[in-house]
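# When you get a sec, could you give me coordinates for this:
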Amino acid sequence: MTKETSSASPSVPAFRFAAVTFDCADPVELSRFYVEMFGLPVAYSSDDFVFLGGKDGAAGLGFNRLADYRRPTWPDPAQEKQAHIEVGVDDLEAAEARLIALGATKPEPQPQPDRWRVLLDPAGHPFCITTFV
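Next comes the predicted model:
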């Protein structure tokens, strides 16, 4: 690229992944589950929003109060999941037991339980634990 074309074309902005934010009825309560799962520190907290992690350029998790929040009903399509996160673990059995002790639930069916497990956080958001990430 010549100096002439580089100054004439707009620069491309830099993007970085910063966070995923979950809607929920109680952000303080839901964030406690994820603090225990990931060990992320609370970077910001109010009655309506909690943000975990995000220090030193690392991505974080946000939790936003939604007044009419309706928990997902996966696998029932009545109130579909809109997104989910994949969590890498070393041991599926141990990770599942720990997360259930923290308040997660395990719905049926489990699509490929030998490869990953689908769990629901306390607000009903599906997430997967897997040894392949």
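# quick one, domains of the protein?
17-69, 70-133 (automatic domain parsing).
# Let me have those in JSON lines, extended by distance to Pro10.
Bear in mind the C-beta positions are built from the backbone N, C-alpha and C, glycine included. Shown next, in JSON lines, are these (distance: least, Cβ to Cβ, whole Å):
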{"stretch": "domain 17-69", "distance to Pro10": "23"}
{"stretch": "domain 70-133", "distance to Pro10": "31"}
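# And those domains, which one averages the lowest pLDDT?
If those are sorted by mean pLDDT, domain 70-133 sits at the bottom with a mean of 89.
# From the chain's centroid, how far away is that one?
On the basis of Cα atoms, centre = their mean, to the nearest Å, domain 70-133 sits 11 Å off its chain's mean C-alpha point.
# So which residues of this protein form strands?
19-24, 42-45, 49-53, 60-65, 85-88, 116-120, 126-130 (DSSP state E).
# Tell me which other helices or strands the last one touches.
In terms of contact count using 3 or more Cβ pairs under 8 Å, 6 or more residues apart in numbering; DSSP states H and E, strand 126-130 is assigned the packing partners strand 85-88, helix 92-102, strand 116-120.
# I'd like to know which of the strands of the chain is closest to Ala94.
strand 126-130 (10.1 Å; Cβ to Cβ).
# pull the CA atoms of that closest one into PDB?
This file holds the C-alpha atoms of strand 126-130, laid out as PDB (Å, rounded to 0.1, in the frame of the first residue of the first chain):
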ATOM      1  CA  PRO A 126     -28.100 -22.500  29.700                       C
ATOM      2  CA  PHE A 127     -24.300 -22.900  29.600                       C
ATOM      3  CA  CYS A 128     -22.100 -25.800  28.600                       C
ATOM      4  CA  ILE A 129     -19.100 -27.300  30.300                       C
ATOM      5  CA  THR A 130     -16.700 -29.200  28.100                       C
END
